[in-house]
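> With the input below, show me the fold.
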Amino acid sequence: MKIKVFIHAQYNEYEKTFSYSAHYCDMEEYGYTLLETRELEVKEPSYEALVNRTVKALRKKQEKVLAVAQSEYQRVQNTVDALLCLEHKVAPPPAEEEIPF
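Coordinates of the predicted model:
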């Protein structure tokens, strides 16, 4: 199968350097400078190989999502714990004249 690749440069104002990247479309409207286009011949993987690679990528994404969720859960739990552990002062017992009986 043939794939058209757009090779770009992008200038980093802070580092005063260029970086280079390849994209599947022209990215000039997003601040990239188009250097050239190439057409690449790529061997298409079998359906099974494609499914296996996709599953592997999705499992990796699952791990990242779970890690972020666990981190956020722990942050919220820490806040809850901190609020529950605020200095707890026991109210003094009522004076005898305040007792209604």
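
> residue boundaries of the helices in this structure?
Using DSSP state H, the helices found in the chain span residues 47-84.

> Where do the domain boundaries of it fall?
Listed domain ranges for the chain are 2-41, 45-85 (source: automatic domain parsing).

> Take these and lay them out in a markdown table including mean neighbour count and mean pLDDT.
Using the backbone N, CA and C atoms, a C-beta is placed for each residue, glycine as well. Rendered in a markdown table, the data for the domains of the chain read as follows (neighbours: other Cβ atoms under 10 Å; pLDDT from 0 to 100):
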| stretch | mean neighbour count | mean pLDDT |
| --- | --- | --- |
| domain 2-41 | 11 | 96 |
| domain 45-85 | 10 | 93 |
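
> Which residue comes closest to Tyr20 once chain neighbours are left out?
Taking Cβ to Cβ, 6 or more residues apart in numbering, and ignoring the residues beside it in sequence, Tyr20 has Ala9 as its nearest neighbour in space, at 5.5 Å.

> Just grab the bridge partners of the one you found for me.
When bridges are assigned using DSSP bridges, the partners listed for Ala9 are Tyr20, Thr33.
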